[in-house]
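Asker: pasting the sequence and the predicted coordinates here, then a few questions.
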Amino acid sequence: MANFLKGITITLVNRVQTGEDDFGAIIYDDVEILVDNVLVAPTSSDDVVNQMSLTGKKAVYTLAIPKGDTHDWEDKEVKFFNQRWRTFGVPLEGIEDMIPLDWNKKVMVERYG
């Protein structure tokens, strides 16, 4: 059976510690990682209301992350649709073998920047 669903490539921005300045403050550099086959779907109105109540953040999209992905998605900047977004909340992950499609993790994003 052919899989007709196909996600887009998004950019995950990972902050990496590269050193310290003269005052001991940590210096970070942003490393952009391309992640293929990510599904992007508008967040349901129920989820928007629930997230506003729980976190005070307005979820705009929900990202479905492909199986086998090992990146950290918690509180990260992502880029897609020529805009910047920020993930929030703990990514929800299912058991890979129990989910029939190519995605087993989801995370919500809010508008950023």
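Answerer: The structure has been received and is ready for your questions.

Asker: report the longest strand in this structure, please.
Answerer: strand 26-42 (DSSP state E).

Asker: for that one, what does the pLDDT average out to?
Answerer: What strand 26-42 shows for mean pLDDT is 96.

Asker: neighbouring strands - and their directions - for that strand?
Answerer: strand 8-20 (antiparallel), strand 61-66 (antiparallel) (DSSP bridges).

Asker: gap between the longest one and the chain center?
Answerer: So the one you mean is strand 8-20. 12 Å (C-alpha atoms, centre = their mean, to the nearest Å).

Asker: so what touches it?
Answerer: Outside strand 8-20, the residues that touch it by C-beta atoms under 8 Å, 6 or more residues apart in numbering are 26-40, 63, 71-73, 76-80. Quick note: C-beta positions are derived from backbone N, CA and C, even for glycine.

Asker: next one: the following helix or strand past the longest strand of the chain to chain centre, how far?
Answerer: Later in the chain than strand 26-42, the nearest helix or strand by DSSP states H and E is helix 45-55. Here the centre of helix 45-55 is set off from its chain's centre by 17 Å, with C-alpha atoms, centre = their mean.

Asker: show me what counts as buried in helix 45-55.
Answerer: Neighbour counts over helix 45-55 (16 or more other C-beta atoms under 10 Å) mark 48, 51 as buried.

Asker: which other residues reach it?
Answerer: Contacts for helix 45-55 (C-beta under 8 Å, 6+ apart): 43, 57-59, 62, 88-89, 108.

Asker: go on, stretch 104-113?
Answerer: Residues contacting stretch 104-113 (C-beta under 8 Å, 6+ apart): 43, 47, 51, 57-67, 69, 73-74, 77-78, 83-89, 91-96.

Asker: if we use 7 Å, what do you get?
Answerer: 43, 51, 57-65, 67, 69, 73, 77-78, 84-89, 91-94, 96 (C-beta atoms under 7 Å, 6 or more residues apart in numbering).

Asker: list the buried residues for that stretch?
Answerer: For stretch 104-113, by 16+ other C-beta under 10 Å, it's 104-110.

Asker: having no further points to raise, I will conclude here.
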